[in-house]
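**Q** For reference, the sequence and a predicted model appear below.
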Amino acid sequence: MDFARSPVPDPSSALQKVAAEAAARQKQGLQRPETHHRRQLPLRVGTRASPLALVQTRAFLTVLTRFCPVLRDMGAFQEHQISTTGDQVQNRRLAEIGGKGLFAKEIHDALSDGRIDFAVHSLKDLETTLPPGLVLACTLRREDARDVLILGPGLEKAEASDPFAALPRDALVGCASVRRQAQMLHVRPDLRFGLLRGNVQTRLDKLAARQCDATLLALAGLRRLGMEDRADVVLDPEIMVPAAGQGIVGVTVRESDVELRELLAAIEDYEARAVATAERALLAELDGSCRTPIGGYARLVPGGPGQDPTLRLTGLVAREDGSFLLRRVATGAPADAERLGRELGHSLRADSPSDIFAD
């Protein structure tokens, strides 16, 4: 796809067309039993059951129905909450229970088996290589991709230029992300880290109970939950490189479901697709384990009058203890997002110690 020059689709027209055809087929199916092989409503939407996942799924459905009210009036969607391995096991690091795709496997299975029609994911939880027969059909407009530092009782925030100065020596940081841990330890090797998992409110409750001195969360999740005020310091991406796909909602469908793919393409955010393509290509090229701290953050930088925007991609590889950290930046045309990601990933991997990528 030419991200720089492709026109943004007209969602209203495309969605109205798909909905009208679905309504006509549904009516025909009621009148003619022999057409039961036709798609029936409601469409079944798969999602994790966490509060944030449900907010994201319902926001996505609102986007669809805002452009096409007939879908809402028809009761076209049915939410299916699915418990994943990542949700069920809260007392161990993800790398210890299987690594990649732990917040998506059961949802993939339901989609492949036909128990749901499409699925809504936090893109950062979605592995770069999907199971055969499934595709990423849509990426929605990105929320703020930055991480935030949240301080425990009694600590006062520092300047944004030196956010970790708010933490006393040997402070205990509650964290489950090796990416965040490595970047903090690189500048503050005195810090201690303890496992802190669970949904957003669970983590905040543990912090309030003084189980740790500070924690880190994605600003996007806090915003979507209406909890942005809980962020003490928003971390600049130059200080804390976000995870690939952070802040983007992605929707998967069966590759063979052409109708749904066309419907979802109508509401795709082209900028989100461009930056997601670059970040996921970077991640795929690095192909690290869940123990490999990897960051990837792309954005479109506006060009001058009459000029196309430039895609700026930051990639990071580190050792979990922070003793090694390599950060590089690449720029290019949005149309070259995948190539840019692959080349930057190759460069980072070539100049990093091989043990960093070992399983």
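**A** Cool, got the structure.
**Q** Am I right that residue 345 falls within a strand?
**A** No: going by DSSP: H, G, I helix; E, B strand; the rest coil, the assignment for residue 345 is helix, not a strand.
**Q** does it really touch residue 285, like I thought?
**A** Yes: Residue 345 is in contact with residue 285 according to CB atoms under 8 Å; the separation is 2.8 Å. From N, CA and C alone the C-beta is placed, and that goes for glycine too.
**Q** can you map out the strands along the stretch 251-359 of the chain?
**A** 294-301, 310-318, 325-332 (DSSP state E, counting those that start in this stretch).
**Q** would you turn those into CSV with mean pLDDT and distance to residue 187?
**A** Output for these, formatted as CSV (pLDDT from 0 to 100; distance: least, CB to CB, whole Å):
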stretch, mean pLDDT, distance to residue 187
strand 294-301, 97, 14
strand 310-318, 98, 11
strand 325-332, 98, 9
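**Q** Let's have the ones you listed in a markdown table, adding mean neighbour count.
**A** Shown next, in a markdown table, are the strands of the stretch 251-359 of the chain (neighbours: other CB atoms under 10 Å):
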| stretch | mean neighbour count |
| --- | --- |
| strand 294-301 | 23 |
| strand 310-318 | 23 |
| strand 325-332 | 16 |
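**Q** any chance of the ones you listed in CSV, plus distance to residue 118?
**A** CSV is the format used below for the strands of the stretch 251-359 of the chain (distance: least, CB to CB, whole Å):
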stretch, distance to residue 118
strand 294-301, 25
strand 310-318, 28
strand 325-332, 31
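**Q** right, and those - which one's nearest residue 57?
**A** Closest approach to residue 57 among the strands of the stretch 251-359 of the chain is made by strand 294-301 (24.4 Å; CB to CB).
**Q** Quick check: can you name the pairing partners of the closest one and their directions?
**A** For strand 294-301, the paired strands and their directions (DSSP bridges) are strand 310-318 (antiparallel).
**Q** Taking strand 325-332 as reference, get the angle to the partner strand.
**A** 160 degrees (axes from the mean of the first three to the mean of the last three CA atoms, to 10 degrees).
**Q** When residue 345 and residue 285 are compared, which one has more neighbours?
**A** A direct count of neighbours by other CB atoms under 10 Å for residue 345 and residue 285 places residue 345 higher, at 27 against 19.
**Q** Share the number of residues neighbouring residue 222, please.
**A** Other residues close to residue 222 by other CB under 10 Å number 22.
**Q** contacting residues around it?
**A** 148, 200, 228, 230-231 (CB atoms under 8 Å, 6 or more residues apart in numbering).
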